[in-house]
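Chemist: okay, sequence plus prediction incoming.
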There are 2 protein chains.
Amino acid sequence: MAVPSSPSLEIFSPPASPLFLREDEVRRGVELLFFGYTRLTRSVDELLVEHGFGRAHHRALYFIARQPDLPVSALLKILSITKQSLGRVLNDLAAKALVETRAGEVDRRQKLLRLTESGAAFEALLFEALRTGLSAAYAAAGQESVTGFWRVLEGLIPEDERQMVMALQGRGR
Amino acid sequence: MAVPSSPSLEIFSPPASPLFLREDEVRRGVELLFFGYTRLTRSVDELLVEHGFGRAHHRALYFIARQPDLPVSALLKILSITKQSLGRVLNDLAAKALVETRAGEVDRRQKLLRLTESGAAFEALLFEALRTGLSAAYAAAGQESVTGFWRVLEGLIPEDERQMVMALQGRGR
DNA sequence: GAAGATGGGACAGCCATATTGACGTATCTT
DNA sequence: AAGATACGTCAATATGGCTGTCCCATCTTC
(Lines give C-alpha, C1' and ligand atoms only; values in the text may rest on other atoms or scores of the structure.)
Protein backbone atom coordinates (compact mmCIF):
# COMPACT_ATOMS: atom_id res chain seq x y z
CA MET A 1 0.00 0.00 0.00
CA ALA A 2 1.64 3.15 -1.15
CA VAL A 3 -0.56 5.53 0.75
CA PRO A 4 0.11 6.68 4.27
CA SER A 5 -2.89 6.67 6.54
CA SER A 6 -2.58 9.53 8.94
CA PRO A 7 -5.85 9.73 10.85
CA SER A 8 -5.63 13.47 11.41
CA LEU A 9 -5.77 14.12 7.69
CA GLU A 10 -8.76 11.90 7.05
CA ILE A 11 -10.81 15.04 6.50
CA PHE A 12 -9.49 15.12 2.98
CA SER A 13 -10.90 11.67 2.28
CA PRO A 14 -8.41 8.96 1.45
CA PRO A 15 -7.84 7.79 -2.10
CA ALA A 16 -10.00 5.08 -3.56
CA SER A 17 -6.96 3.15 -4.70
CA PRO A 18 -3.17 3.32 -4.39
CA LEU A 19 -3.07 4.20 -8.06
CA PHE A 20 -5.07 7.33 -7.45
CA LEU A 21 -3.29 9.22 -4.76
CA ARG A 22 -4.46 12.15 -2.76
CA GLU A 23 -4.05 15.37 -4.62
CA ASP A 24 -1.80 16.89 -1.98
CA GLU A 25 0.77 14.15 -2.26
CA VAL A 26 0.94 14.53 -5.99
CA ARG A 27 1.16 18.33 -5.80
CA ARG A 28 3.92 18.02 -3.27
CA GLY A 29 5.95 15.82 -5.57
CA VAL A 30 5.35 18.07 -8.57
CA GLU A 31 6.43 21.14 -6.66
CA LEU A 32 9.51 19.57 -5.11
CA LEU A 33 10.55 18.30 -8.51
CA PHE A 34 10.09 21.72 -10.04
CA PHE A 35 11.94 23.66 -7.37
CA GLY A 36 14.53 20.98 -6.71
CA TYR A 37 15.44 20.62 -10.35
CA THR A 38 15.60 24.34 -11.07
CA ARG A 39 17.64 25.09 -7.96
CA LEU A 40 20.11 22.34 -8.67
CA THR A 41 20.73 23.65 -12.15
CA ARG A 42 20.80 27.29 -11.15
CA SER A 43 24.48 27.32 -10.17
CA VAL A 44 25.35 25.58 -13.41
CA ASP A 45 23.39 28.15 -15.38
CA GLU A 46 25.43 30.92 -13.82
CA LEU A 47 28.69 29.30 -14.82
CA LEU A 48 27.35 28.77 -18.32
CA VAL A 49 26.41 32.39 -18.95
CA GLU A 50 29.81 33.50 -17.70
CA HIS A 51 31.28 31.41 -20.49
CA GLY A 52 28.74 32.39 -23.10
CA PHE A 53 26.85 29.12 -23.27
CA GLY A 54 23.32 28.00 -22.49
CA ARG A 55 21.73 24.95 -20.95
CA ALA A 56 21.59 23.18 -24.25
CA HIS A 57 25.36 23.27 -24.45
CA HIS A 58 25.64 21.79 -20.99
CA ARG A 59 23.34 18.92 -21.81
CA ALA A 60 25.42 18.02 -24.84
CA LEU A 61 28.67 18.33 -22.93
CA TYR A 62 27.31 16.28 -20.08
CA PHE A 63 26.25 13.29 -22.14
CA ILE A 64 29.34 13.37 -24.32
CA ALA A 65 31.42 13.30 -21.15
CA ARG A 66 29.33 10.42 -19.92
CA GLN A 67 29.73 8.32 -23.04
CA PRO A 68 32.81 9.25 -25.03
CA ASP A 69 32.66 8.36 -28.73
CA LEU A 70 28.92 8.67 -28.71
CA PRO A 71 27.51 8.88 -32.23
CA VAL A 72 25.35 11.89 -33.03
CA SER A 73 22.26 9.75 -33.45
CA ALA A 74 22.59 8.38 -29.92
CA LEU A 75 22.86 11.87 -28.50
CA LEU A 76 19.77 12.87 -30.43
CA LYS A 77 17.81 10.06 -28.81
CA ILE A 78 19.03 10.95 -25.36
CA LEU A 79 18.16 14.60 -25.68
CA SER A 80 14.93 14.10 -27.64
CA ILE A 81 15.52 17.16 -29.78
CA THR A 82 15.87 17.63 -33.51
CA LYS A 83 19.00 17.28 -35.57
CA GLN A 84 18.91 20.99 -36.33
CA SER A 85 18.75 22.05 -32.71
CA LEU A 86 21.57 19.77 -31.75
CA GLY A 87 23.58 20.78 -34.80
CA ARG A 88 23.71 24.38 -33.73
CA VAL A 89 24.85 23.46 -30.25
CA LEU A 90 27.53 21.07 -31.50
CA ASN A 91 28.81 23.70 -33.91
CA ASP A 92 29.16 26.17 -31.05
CA LEU A 93 31.02 23.63 -28.97
CA ALA A 94 33.27 22.61 -31.84
CA ALA A 95 34.00 26.26 -32.65
CA LYS A 96 35.28 26.75 -29.11
CA ALA A 97 37.21 23.49 -29.32
CA LEU A 98 35.35 21.80 -26.48
CA VAL A 99 34.12 18.91 -28.60
CA GLU A 100 35.76 17.03 -31.43
CA THR A 101 34.55 14.30 -33.76
CA ARG A 102 36.15 11.40 -35.47
CA ALA A 103 34.69 9.08 -38.07
CA GLY A 104 33.37 5.78 -36.80
CA GLU A 105 35.55 2.78 -37.53
CA VAL A 106 32.85 0.24 -38.07
CA ASP A 107 30.58 2.70 -39.86
CA ARG A 108 32.41 5.64 -41.34
CA ARG A 109 29.22 7.64 -41.82
CA GLN A 110 29.01 8.06 -38.09
CA LYS A 111 30.72 10.90 -36.30
CA LEU A 112 31.77 9.92 -32.84
CA LEU A 113 31.69 12.75 -30.35
CA ARG A 114 34.16 13.29 -27.56
CA LEU A 115 35.38 16.11 -25.41
CA THR A 116 38.71 17.77 -26.00
CA GLU A 117 40.95 18.31 -23.03
CA SER A 118 39.53 21.77 -22.40
CA GLY A 119 36.05 20.42 -22.99
CA ALA A 120 36.58 17.81 -20.30
CA ALA A 121 37.91 20.48 -17.96
CA PHE A 122 34.90 22.68 -18.54
CA GLU A 123 32.49 19.81 -18.07
CA ALA A 124 34.24 18.91 -14.83
CA LEU A 125 33.82 22.47 -13.62
CA LEU A 126 30.10 22.39 -14.33
CA PHE A 127 29.80 18.96 -12.79
CA GLU A 128 31.31 20.20 -9.56
CA ALA A 129 28.37 22.56 -9.17
CA LEU A 130 25.99 19.65 -9.55
CA ARG A 131 27.99 17.51 -7.18
CA THR A 132 28.03 20.19 -4.53
CA GLY A 133 24.27 20.59 -4.59
CA LEU A 134 23.34 16.93 -4.84
CA SER A 135 25.91 15.72 -2.34
CA ALA A 136 24.58 18.06 0.28
CA ALA A 137 21.01 16.91 -0.35
CA TYR A 138 22.05 13.24 -0.31
CA ALA A 139 23.98 13.68 2.90
CA ALA A 140 21.16 15.54 4.62
CA ALA A 141 18.59 12.97 3.58
CA GLY A 142 20.58 9.80 4.21
CA GLN A 143 21.25 6.74 2.08
CA GLU A 144 17.80 5.24 2.60
CA SER A 145 16.19 8.35 1.24
CA VAL A 146 18.54 8.45 -1.70
CA THR A 147 17.48 4.97 -2.70
CA GLY A 148 13.85 6.00 -2.54
CA PHE A 149 14.62 9.12 -4.52
CA TRP A 150 16.12 7.00 -7.28
CA ARG A 151 13.29 4.50 -7.22
CA VAL A 152 10.54 7.06 -7.64
CA LEU A 153 12.37 8.84 -10.44
CA GLU A 154 12.92 5.57 -12.26
CA GLY A 155 9.19 5.04 -12.12
CA LEU A 156 8.63 8.31 -13.94
CA ILE A 157 10.51 7.09 -16.98
CA PRO A 158 8.38 5.10 -19.42
CA GLU A 159 9.30 1.44 -19.85
CA ASP A 160 10.60 1.86 -23.35
CA GLU A 161 13.06 4.58 -22.39
CA ARG A 162 14.19 3.23 -19.05
CA GLN A 163 16.72 0.91 -20.57
CA MET A 164 18.50 3.75 -22.35
CA VAL A 165 18.79 5.69 -19.10
CA MET A 166 20.00 2.72 -17.11
CA ALA A 167 22.54 1.94 -19.80
CA LEU A 168 24.10 5.33 -19.21
CA GLN A 169 24.66 4.24 -15.66
CA GLY A 170 26.19 0.93 -16.50
CA ARG A 171 23.06 -0.88 -15.42
CA GLY A 172 21.90 -1.86 -18.85
CA ARG A 173 19.41 -4.65 -18.52
CA MET B 1 38.75 12.78 -12.61
CA ALA B 2 37.62 14.46 -9.45
CA VAL B 3 37.02 11.34 -7.44
CA PRO B 4 38.55 11.36 -3.96
CA SER B 5 39.98 7.89 -4.16
CA SER B 6 43.72 7.43 -4.55
CA PRO B 7 45.07 4.01 -5.62
CA SER B 8 43.50 1.75 -8.19
CA LEU B 9 42.04 -0.68 -5.69
CA GLU B 10 39.65 1.86 -4.29
CA ILE B 11 37.37 1.95 -7.28
CA PHE B 12 34.56 0.25 -5.45
CA SER B 13 35.23 1.69 -2.05
CA PRO B 14 32.78 3.99 -0.30
CA PRO B 15 33.20 7.76 -0.51
CA ALA B 16 35.77 9.38 1.70
CA SER B 17 33.17 11.65 3.19
CA PRO B 18 29.40 11.75 3.01
CA LEU B 19 29.66 15.32 1.77
CA PHE B 20 31.71 14.35 -1.23
CA LEU B 21 30.00 11.47 -2.91
CA ARG B 22 31.22 9.22 -5.61
CA GLU B 23 30.78 10.64 -9.04
CA ASP B 24 28.54 7.83 -10.20
CA GLU B 25 26.00 8.42 -7.49
CA VAL B 26 25.79 12.06 -8.36
CA ARG B 27 25.53 11.41 -12.10
CA ARG B 28 22.80 8.90 -11.46
CA GLY B 29 20.77 11.46 -9.55
CA VAL B 30 21.33 14.14 -12.15
CA GLU B 31 20.23 11.86 -14.96
CA LEU B 32 17.20 10.49 -13.18
CA LEU B 33 16.12 14.01 -12.32
CA PHE B 34 16.54 15.13 -15.90
CA PHE B 35 14.70 12.22 -17.48
CA GLY B 36 12.12 11.88 -14.73
CA TYR B 37 11.18 15.52 -14.81
CA THR B 38 11.00 15.79 -18.57
CA ARG B 39 8.99 12.59 -18.92
CA LEU B 40 6.52 13.62 -16.25
CA THR B 41 5.84 16.90 -17.99
CA ARG B 42 5.76 15.44 -21.47
CA SER B 43 2.11 14.43 -21.34
CA VAL B 44 1.21 17.87 -20.01
CA ASP B 45 3.12 19.52 -22.83
CA GLU B 46 1.07 17.61 -25.36
CA LEU B 47 -2.19 18.78 -23.83
CA LEU B 48 -0.88 22.32 -23.77
CA VAL B 49 0.00 22.51 -27.45
CA GLU B 50 -3.39 21.08 -28.33
CA HIS B 51 -4.88 24.09 -26.59
CA GLY B 52 -2.37 26.58 -27.93
CA PHE B 53 -0.45 27.20 -24.72
CA GLY B 54 3.09 26.60 -23.57
CA ARG B 55 4.76 25.46 -20.38
CA ALA B 56 4.89 28.95 -19.02
CA HIS B 57 1.10 29.10 -19.08
CA HIS B 58 0.88 25.86 -17.20
CA ARG B 59 3.20 27.05 -14.46
CA ALA B 60 1.11 30.15 -13.92
CA LEU B 61 -2.15 28.18 -13.95
CA TYR B 62 -0.73 25.62 -11.58
CA PHE B 63 0.32 28.04 -8.88
CA ILE B 64 -2.79 30.17 -9.19
CA ALA B 65 -4.83 27.01 -8.71
CA ARG B 66 -2.71 26.16 -5.72
CA GLN B 67 -3.11 29.51 -4.02
CA PRO B 68 -6.23 31.36 -5.15
CA ASP B 69 -6.13 35.13 -4.72
CA LEU B 70 -2.38 35.12 -5.06
CA PRO B 71 -1.01 38.60 -5.72
CA VAL B 72 1.11 39.04 -8.82
CA SER B 73 4.22 39.75 -6.78
CA ALA B 74 3.92 36.41 -4.98
CA LEU B 75 3.64 34.56 -8.26
CA LEU B 76 6.72 36.38 -9.52
CA LYS B 77 8.70 35.13 -6.55
CA ILE B 78 7.51 31.58 -7.00
CA LEU B 79 8.36 31.47 -10.68
CA SER B 80 11.57 33.52 -10.44
CA ILE B 81 10.96 35.28 -13.73
CA THR B 82 10.56 38.93 -14.65
CA LYS B 83 7.38 40.96 -14.51
CA GLN B 84 7.44 41.27 -18.28
CA SER B 85 7.65 37.55 -18.91
CA LEU B 86 4.86 36.84 -16.50
CA GLY B 87 2.81 39.70 -17.90
CA ARG B 88 2.69 38.14 -21.33
CA VAL B 89 1.56 34.84 -19.94
CA LEU B 90 -1.11 36.35 -17.72
CA ASN B 91 -2.43 38.41 -20.62
CA ASP B 92 -2.79 35.27 -22.70
CA LEU B 93 -4.60 33.51 -19.91
CA ALA B 94 -6.87 36.46 -19.23
CA ALA B 95 -7.64 36.82 -22.94
CA LYS B 96 -8.89 33.25 -22.99
CA ALA B 97 -10.78 33.82 -19.76
CA LEU B 98 -8.89 31.22 -17.76
CA VAL B 99 -7.66 33.69 -15.17
CA GLU B 100 -9.31 36.71 -13.62
CA THR B 101 -8.12 39.36 -11.21
CA ARG B 102 -9.69 41.40 -8.50
CA ALA B 103 -8.26 44.28 -6.54
CA GLY B 104 -6.86 43.47 -3.13
CA GLU B 105 -9.00 44.56 -0.22
CA VAL B 106 -6.26 45.48 2.19
CA ASP B 107 -4.06 46.99 -0.53
CA ARG B 108 -5.98 48.04 -3.58
CA ARG B 109 -2.86 48.29 -5.71
CA GLN B 110 -2.58 44.53 -5.64
CA LYS B 111 -4.30 42.36 -8.20
CA LEU B 112 -5.28 39.04 -6.78
CA LEU B 113 -5.21 36.22 -9.28
CA ARG B 114 -7.63 33.35 -9.45
CA LEU B 115 -8.86 30.87 -11.99
CA THR B 116 -12.22 31.20 -13.67
CA GLU B 117 -14.44 28.18 -13.84
CA SER B 118 -13.03 27.15 -17.20
CA GLY B 119 -9.54 27.94 -15.97
CA ALA B 120 -10.02 25.57 -13.06
CA ALA B 121 -11.34 22.92 -15.40
CA PHE B 122 -8.36 23.25 -17.69
CA GLU B 123 -5.91 23.16 -14.81
CA ALA B 124 -7.63 20.04 -13.50
CA LEU B 125 -7.23 18.41 -16.88
CA LEU B 126 -3.52 19.15 -16.92
CA PHE B 127 -3.17 18.03 -13.33
CA GLU B 128 -4.67 14.67 -14.16
CA ALA B 129 -1.74 14.02 -16.48
CA LEU B 130 0.66 14.77 -13.64
CA ARG B 131 -1.31 12.67 -11.22
CA THR B 132 -1.35 9.71 -13.54
CA GLY B 133 2.42 9.74 -13.98
CA LEU B 134 3.38 10.44 -10.40
CA SER B 135 0.83 8.10 -8.86
CA ALA B 136 2.17 5.22 -10.88
CA ALA B 137 5.73 6.02 -9.84
CA TYR B 138 4.73 6.42 -6.19
CA ALA B 139 2.83 3.16 -6.21
CA ALA B 140 5.64 1.25 -7.88
CA ALA B 141 8.23 2.62 -5.48
CA GLY B 142 6.27 2.34 -2.24
CA GLN B 143 5.64 4.83 0.53
CA GLU B 144 9.10 4.52 2.05
CA SER B 145 10.67 5.53 -1.21
CA VAL B 146 8.28 8.42 -1.65
CA THR B 147 9.36 9.84 1.67
CA GLY B 148 12.98 9.58 0.64
CA PHE B 149 12.17 11.16 -2.69
CA TRP B 150 10.66 14.16 -0.91
CA ARG B 151 13.51 14.42 1.53
CA VAL B 152 16.23 14.55 -1.08
CA LEU B 153 14.36 17.09 -3.17
CA GLU B 154 13.82 19.30 -0.14
CA GLY B 155 17.55 19.27 0.37
CA LEU B 156 18.08 20.67 -3.09
CA ILE B 157 16.18 23.82 -2.24
CA PRO B 158 18.30 26.51 -0.58
CA GLU B 159 17.39 27.37 3.00
CA ASP B 160 16.04 30.80 2.19
CA GLU B 161 13.57 29.48 -0.37
CA ARG B 162 12.50 26.33 1.38
CA GLN B 163 9.95 28.09 3.50
CA MET B 164 8.14 29.47 0.49
CA VAL B 165 7.88 26.01 -1.04
CA MET B 166 6.71 24.39 2.16
CA ALA B 167 4.16 27.13 2.63
CA LEU B 168 2.56 26.13 -0.65
CA GLN B 169 2.07 22.73 0.88
CA GLY B 170 0.54 23.96 4.08
CA ARG B 171 3.73 23.12 5.95
CA GLY B 172 4.95 26.64 6.60
CA ARG B 173 8.46 26.72 8.03
C1' DG C 1 -0.84 67.17 2.25
C1' DA C 2 3.44 66.39 -0.24
C1' DA C 3 7.16 63.09 -1.15
C1' DG C 4 8.57 58.82 -1.84
C1' DA C 5 8.01 53.82 -2.00
C1' DT C 6 5.51 50.02 -3.83
C1' DG C 7 2.34 47.03 -6.91
C1' DG C 8 1.30 46.51 -11.28
C1' DG C 9 1.38 47.32 -16.40
C1' DA C 10 3.31 48.34 -20.99
C1' DC C 11 6.55 49.34 -25.07
C1' DA C 12 10.68 48.07 -27.62
C1' DG C 13 14.13 45.09 -28.67
C1' DC C 14 17.29 41.10 -27.86
C1' DC C 15 18.71 36.20 -27.15
C1' DA C 16 18.51 31.12 -26.59
C1' DT C 17 16.38 27.19 -27.88
C1' DA C 18 13.18 24.65 -29.78
C1' DT C 19 10.30 23.47 -34.09
C1' DT C 20 9.16 21.95 -39.37
C1' DG C 21 10.27 21.00 -44.11
C1' DA C 22 13.32 20.42 -47.83
C1' DC C 23 17.48 19.10 -49.69
C1' DG C 24 22.48 17.28 -50.19
C1' DT C 25 26.36 14.02 -49.58
C1' DA C 26 28.83 10.16 -48.05
C1' DT C 27 28.56 5.53 -46.87
C1' DC C 28 26.53 1.12 -45.86
C1' DT C 29 23.30 -2.69 -47.18
C1' DT C 30 20.93 -5.55 -50.29
C1' DA D 1 22.81 -0.40 -59.00
C1' DA D 2 19.18 0.96 -55.72
C1' DG D 3 17.81 2.20 -51.48
C1' DA D 4 18.43 3.17 -46.67
C1' DT D 5 21.01 5.45 -43.20
C1' DA D 6 24.06 9.02 -40.71
C1' DC D 7 24.96 13.51 -40.78
C1' DG D 8 24.78 18.34 -42.22
C1' DT D 9 22.53 22.63 -43.74
C1' DC D 10 19.25 26.40 -45.36
C1' DA D 11 15.20 28.96 -44.23
C1' DA D 12 11.43 30.23 -41.60
C1' DT D 13 8.84 30.26 -37.21
C1' DA D 14 7.48 30.05 -32.16
C1' DT D 15 8.25 30.25 -27.19
C1' DG D 16 9.80 32.13 -23.26
C1' DG D 17 13.19 34.12 -21.11
C1' DC D 18 15.88 38.89 -20.66
C1' DT D 19 17.03 44.30 -20.24
C1' DG D 20 15.79 49.13 -20.13
C1' DT D 21 12.56 52.61 -19.79
C1' DC D 22 8.49 54.84 -18.59
C1' DC D 23 3.80 55.15 -16.53
C1' DC D 24 -0.17 55.05 -13.22
C1' DA D 25 -2.49 54.15 -8.91
C1' DT D 26 -2.14 53.60 -4.26
C1' DC D 27 -0.03 53.23 0.22
C1' DT D 28 3.21 55.13 3.74
C1' DT D 29 5.68 58.47 6.04
C1' DC D 30 6.95 62.80 7.56
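Modeler: The structure has been received and is ready for your questions.

Chemist: all contacts plus neighbour counts: C-alpha atoms, from now on.
Modeler: Noted.

Chemist: next, the angle from the longest helix seen in chain A to helix B:23-50.
Modeler: The longest helix of chain A (DSSP state H) is helix A:23-50. Orientation check (axes from the mean of the first three to the mean of the last three CA atoms, to 10 degrees): helix A:23-50 against helix B:23-50 gives 110 degrees.

Chemist: which residues touch the residue most central in space within chain A?
Modeler: Closest residue to the average C-alpha location of chain A: A:R59 at 8.1 Å, with CA atoms, centre = their mean. Contact criterion CA atoms under 8 Å, 6 or more residues apart in numbering or on different chains gives A:L79 as the residues in contact with A:R59.

Chemist: now it: how far from A:F53?
Modeler: For A:R59, the distance to A:F53 (CA to CA, to the nearest Å) stands at 11 Å.

Chemist: quick check: buried residues in the longest helix of chain A?
Modeler: A:25-33, A:35-37, A:39-41, A:43-45, A:47-48 (16 or more other CA atoms under 10 Å in any protein chain shown).

Chemist: packing partners for it?
Modeler: Counting by 3 or more CA pairs under 8 Å, 6 or more residues apart in numbering or on different chains; DSSP states H and E, the packing neighbours recorded for helix A:23-50 are helix A:55-66, helix A:117-141, helix B:23-50, helix B:117-141, helix B:143-156, helix B:159-168.

Chemist: now with 10 Å?
Modeler: Helix A:23-50 makes packing contacts with helix A:55-66, helix A:117-141, helix B:23-50, helix B:55-66, helix B:72-79, helix B:117-141, helix B:143-156, helix B:159-168 when contacts are defined by 3 or more CA pairs under 10 Å, 6 or more residues apart in numbering or on different chains; DSSP states H and E.

Chemist: show me the shaky parts of chain A.
Modeler: Within chain A, the ranges that satisfy pLDDT under 70 run A:1-21, A:172-173.

Chemist: kindly report the residues of it close to DNA strand C.
Modeler: Listed as neighbours of DNA strand C in chain A under the rule CA under 7 Å from any atom of the strand: A:52-57, A:80-86, A:89, A:105-109.

Chemist: quick check: the residue of chain A nearest DNA strand C.
Modeler: A:G54 (2.7 Å; CA to the nearest atom of the strand).

Chemist: measure how buried that residue is and give me the count.
Modeler: 16 (other CA atoms under 10 Å in any protein chain shown).

Chemist: from DNA strand D, how far off is it?
Modeler: According to CA to the nearest atom of the strand, to the nearest Å, A:G54 and DNA strand D sit 11 Å apart.

Chemist: and the longest helix of chain A with DNA strand D, contact?
Modeler: No - between helix A:23-50 and DNA strand D, judged by CA under 7 Å from any atom of the strand, nothing touches; the nearest distance is 11.2 Å.

Chemist: just the buried residues of the residues of chain A next to DNA strand C.
Modeler: Looks like these have A:53-54, A:56-57, A:86, A:89 buried, using 16+ other CA under 10 Å.

Chemist: quick check, nearest of those residues to DNA strand D?
Modeler: Nearest to DNA strand D among these is A:L86, at 7.8 Å by CA to the nearest atom of the strand.

Chemist: and the closest one, what helix or strand is that in?
Modeler: helix A:83-95 (DSSP states H and E).
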